[in-house]
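Novice: Next input, structure requested:
(chains A and B)
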Amino acid sequence: MILDAQGIEMSYGALKVLHGVSLQVSESETFAIIGPNGAGKSTLFKVLTGERMTSAGTVRYRGEDLTKLPAFRRARIGFGRTFQVARIFGEVDLMTNVVISIEARLRYSGQSPGAWWRWTPAADVRLEAEEILERFGFPRSRWSDDAQYLSHGDRKRLEFCIALATRPDILMLDEPMAGMSPSDRKEMTKLLMRLKAETGITIVMTEHDMDIIFEMADRLMVLSYGEVIAIGDPEKVRDDPTVRKVYLGQGYQHA
Amino acid sequence: MNRIASIALLLLFAAFLFAPYLVNPGLVFIAGFAMIEIVFALSWNLLFSYAGLVSFGHAAFFGIGAYVAAATLRYGYDIHFILVLLICAVLGAVGAFLVALIVLRRASGIQFSVLTLALSQLVVVLIGYSDYFGHDEGISAIPRPVMNFGLFTVDLNRPLANYYFVLFVCLVAVGLMWLLVKGHLGRAMQAVRIDSERAEFIGIDAWRIRVFAFTISGAFAAVAGALLAPWGQIVTPEYVNWLHSAQPIFATLLGGAGFFWGPVVGIVGLSALNYFTRTFTGLSEVLVGASLIAVVLVAPQGILGTLRQLAKRRKGPVKGGHA
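Specialist: Modelled structure (predicted):
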């Protein structure tokens, strides 16, 4: 079990958003969280990644209790994360975006990103950044481009580069395909599937695109008004009458 | 950094390097002040352009250095002046670290800025009560030290040695700051400035990075202050006051925020303005104010930002720089 959350509760003031949500994710699994807007997906996500602390319940990572652990500590022990609206380091170039992330990994894993007075990234850091950028389809000619002028799809891809450069064991993806063009989505799905096959990384994702969910997810959880209404195989969940009623709609057919 | 800006900076460097042979002693004196202010402004810009923190009370750290160095020289403590500089750096760092510990826990935005201002004004008040630091009159008639380096001695009573000593220490300080911000710690600082939440999700502890940046910045500000004591031979609470805290801010805005070298250009510009208006009381303030308004309205990216923009106009969007 890589991630084990039990009885998570969260309220914003008087509004209770999560009512004792529990979930377990095993190693190398792709676990999807779906549900209508306002179901509490994003809040649950924030609790799992350490952006918000739960008012009740526990979060465990490989048996270690990290309920009270802040986000940066979770990142250091193996959490990677992307955001609904991609967050990258604008104002610096693509290369630097990835280098920052690799150097953070080295700095906080007991290795060294090089002496503080080295004014260029160490050769191996640079090489690794180049590999990551190339794998995510950024050709050499674009490495020194300023990241803030990237298109939406490119920002998403760069964010993946940043998240993966820390070599996470579990990747938390908050609507990874939101706002992408259909062709970008297809390509991103392919990239993620390949990444999974190569590294066996665990993925926890929320997503509105059901086709992608059914293509990628090993297991599925449906949230509605802060409660789990179904959890299990995608096929089983899809045919669940309650899920159809609150989210998928009666006529939903997976293509 | 584009070509025009690089050439301009090299020319500035050459001007400082040869100043004693080119201009009269009065101007050399101003050049020395300008170099000290450059180190001070760069220490502030290290915070602003890299770690994204705005300090309104940076003169307090400058003041720590200035007063400690002034007191050791004036009251005849027999300490090697290089050691005095190092002690001032450590004291500045410790002071900044304590402020950061208290203030950054709660805030890093405007509340942080205002609290730094309040704390620095507190230092001004404390100095006003202190016999040792000469109340409002400060410490004057500071003797210049003679430094023994074994193989040779440097006597700061000799004008050339005095000037080149200040130049040397400033170059070392500027070099260290440049290396720091261009290295991996500088990149981590930038990550925190640009998006601290994103930075946390790759494992960077934003708070720690900010505390670190503030500590280092305080150390360099104190070194700048320590240089002032033998150079100006008088240290007054003016140097600790909020108006002096504003100096690096003006210099950075004028020279170009988001650039390491921005404050250098800014300080030279401000010094020139002060020099040319020296005979008209009050005119320099008016001109400094007017030029800042002009910069904000016409060239919000400062002098370096505008140069870069002009150079890139053909090539499309402008890189870097944030005002």
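Novice: low pLDDT regions in chain A?
Specialist: Within chain A, the segments meeting pLDDT under 70 span A:250-255.
Novice: how's it carved up into domains?
Specialist: What automatic domain parsing lists as the domains of chain A is A:1-71+A:218-255, A:78-201.
Novice: so what pLDDT did B:S120 get?
Specialist: Here the pLDDT value assigned to B:S120 is 92.
Novice: ok, now the one 5 residues further on?
Specialist: The per-residue pLDDT reported for B:V125 equals 92.
Novice: can you count the residues close to it?
Specialist: The burial count assigned to B:V125 is 11, neighbours taken as other C-beta atoms under 10 Å in any protein chain shown. All C-beta atoms are positioned from the backbone trio N, CA, C, and that covers glycine.
Novice: where along the stretch 1-150 of chain A do the strands fall?
Specialist: Assigned strands in the stretch 1-150 of chain A, in chain order: A:3-12, A:15-25, A:30-34, A:56-61, A:64-65, A:79-82 (criterion: DSSP state E, counting those that start in this stretch).
Novice: Roughly how far does A:E91 sit from A:F72?
Specialist: Distance of A:E91 to A:F72, computed by C-beta to C-beta, to the nearest Å: 21 Å.
Novice: Hmm, I typed the wrong one, I wanted B:I30.
Specialist: From B:I30 across to A:F72, the span is 47 Å (C-beta to C-beta).
Novice: When the two are compared, which one has more neighbours?
Specialist: For B:I30 and A:F72, the more surrounded residue by other C-beta under 10 Å is A:F72, and the numbers stand at 23 against 17.
Novice: Contacts only, for the more buried one.
Specialist: Counting by C-beta atoms under 8 Å, 6 or more residues apart in numbering or on different chains, A:F72 makes contact with A:50, B:199-201, B:203-206.
Novice: excluding its backbone neighbours, what's nearest residue 60?
Specialist: Looking at chain A here, since you left the chain open. Excluding its sequence neighbours, the residue lying closest to A:R60 (C-beta to C-beta, 6 or more residues apart in numbering or on different chains) is A:D4, at 4.3 Å.
Novice: hm, I was asking about chain B
Specialist: Looking at B:A60 with C-beta to C-beta, 6+ apart, the closest residue is B:S120, at 3.6 Å.
Novice: where's that neighbour relative to B:S55, distance?
Specialist: 9 Å.
Novice: cool, and A:V92?
Specialist: Using C-beta to C-beta, we find A:V92 at a distance of 23 Å from B:S55.
Novice: Settle it for me: which of the two has more neighbours?
Specialist: Shown here are A:V92 and B:S55; by other C-beta under 10 Å, B:S55 has more neighbours (29 against 20).
Novice: right, and the more buried one touches B:S113 too?
Specialist: Yes - at 6.7 Å, B:S55 counts as touching B:S113 under the criterion of C-beta atoms under 8 Å.
Novice: How are the helices of the stretch 1-150 of chain A distributed by residue range?
Specialist: All helices of the stretch 1-150 of chain A, identified by DSSP state H, counting those that start in this stretch, fall at A:41-49, A:71-77, A:94-108, A:123-135.
Novice: May I see those arranged in CSV, with distance to B:W178 as well?
Specialist: As requested, the helices of the stretch 1-150 of chain A are exported to CSV (distance: least, C-beta to C-beta, whole Å):
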stretch, distance to B:W178
helix A:41-49, 36
helix A:71-77, 28
helix A:94-108, 17
helix A:123-135, 20
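Novice: Taking the stretch 51-200 of chain B, what residue is nearest to chain A?
Specialist: For the stretch 51-200 of chain B, the residue closest to chain A is B:K182, as judged by C-beta to the nearest C-beta, at 3.7 Å.
Novice: what helices or strands is the helix or strand in which B:L310 is found leaning on?
Specialist: Element membership of B:L310 [criterion: DSSP states H and E] is helix B:302-312. For helix B:302-312, the packing partners by 3 or more C-beta pairs under 8 Å, 6 or more residues apart in numbering or on different chains; DSSP states H and E come out as helix B:3-22, helix B:242-255, helix B:262-276.
Novice: Could you report the neighbour count for the closest residue to B:N157 other than its chain neighbours?
Specialist: Spatial nearest neighbour of B:N157, excluding adjacent residues (C-beta to C-beta, 6+ apart): B:R144 at 5.0 Å. Using other C-beta under 10 Å, B:R144 has 17 neighbouring residues.
Novice: Many thanks, we can stop here.
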